[in-house]
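# quick one, fold the following:
(one chain, ligands or ions: 2)
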Amino acid sequence: MAPRRHPAGVSFKSPYRNAVSAGPCCPRDAHPLEPVEHPSKQSFLACPACFGSWFDSDGLKAVLKWSVGHTDAVSDGDESPLAKVYEMGRQKGRACLKCPECGEEMIAEEHRRDSYVLVDICPSGCGKWLDNDELRRLIAYARVYGV
Ligand SMILES: [Zn+2]
Ligand SMILES: [Zn+2]
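Numbering: from 1, shown residues only. Ligands and ions are numbered 1, 2, ... in the order given. Prediction:
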């Protein structure tokens, strides 16, 4: 099922446009990433097609911090621990994504040791990619365990 909204609650200026962009594109569907501004005043890039997000590491932190304080901002989705472990295993089996900025293969790393959320990180430090679902689950995690 396609996600209906971005997990951190940002909106897009021009969803699903067919623009050709010289800028960074979505590593999942190659759609041009759009700059969005989160209610936390943090700006980052996001894909208007799949609602994935591209953060620098401070950006992700700021969005998580804000979301923890705004419990109505996003829906958590209650998952059992077993479901989380299963989901992480499924993600590990996927092909590597390429960095939207430098094109290098990204490394899937768990966000802290017990979150069971894999974040795709550029080895050259361009940023971090989170799928729609990954960001949603990471916000749920941060509410309980901190940022
Ligand atoms: Zn996308
Ligand atoms: Zn990179």
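
# how about low-confidence regions in this structure?
Across the chain, the ranges flagged by pLDDT under 70 are 1-4, 14-22, 71-79.

# show me where it has its strands.
Secondary structure of the chain, counting by DSSP state E: strands at 34-37, 43-46, 53-55, 107-110, 118-121, 128-130.

# these into a markdown table, with extra columns for mean neighbour count and distance to residue 140?
From N, CA and C alone the C-beta is placed, and that goes for glycine too. Shown next, in a markdown table, are the strands of the chain (neighbours: other C-beta atoms under 10 Å; distance: least, C-beta to C-beta, whole Å):
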| stretch | mean neighbour count | distance to residue 140 |
| --- | --- | --- |
| strand 34-37 | 16 | 21 |
| strand 43-46 | 22 | 19 |
| strand 53-55 | 26 | 15 |
| strand 107-110 | 14 | 15 |
| strand 118-121 | 22 | 14 |
| strand 128-130 | 25 | 13 |
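
# now do the contacts for the residue positioned nearest the centre of the chain.
Relative to the mean C-alpha position of the chain, the nearest C-alpha, by C-alpha atoms, centre = their mean, is the one of residue 130, at 2.3 Å. Contact partners of residue 130, counting by C-beta atoms under 8 Å, 6 or more residues apart in numbering, are 52-53, 55, 60, 119-120, 138.
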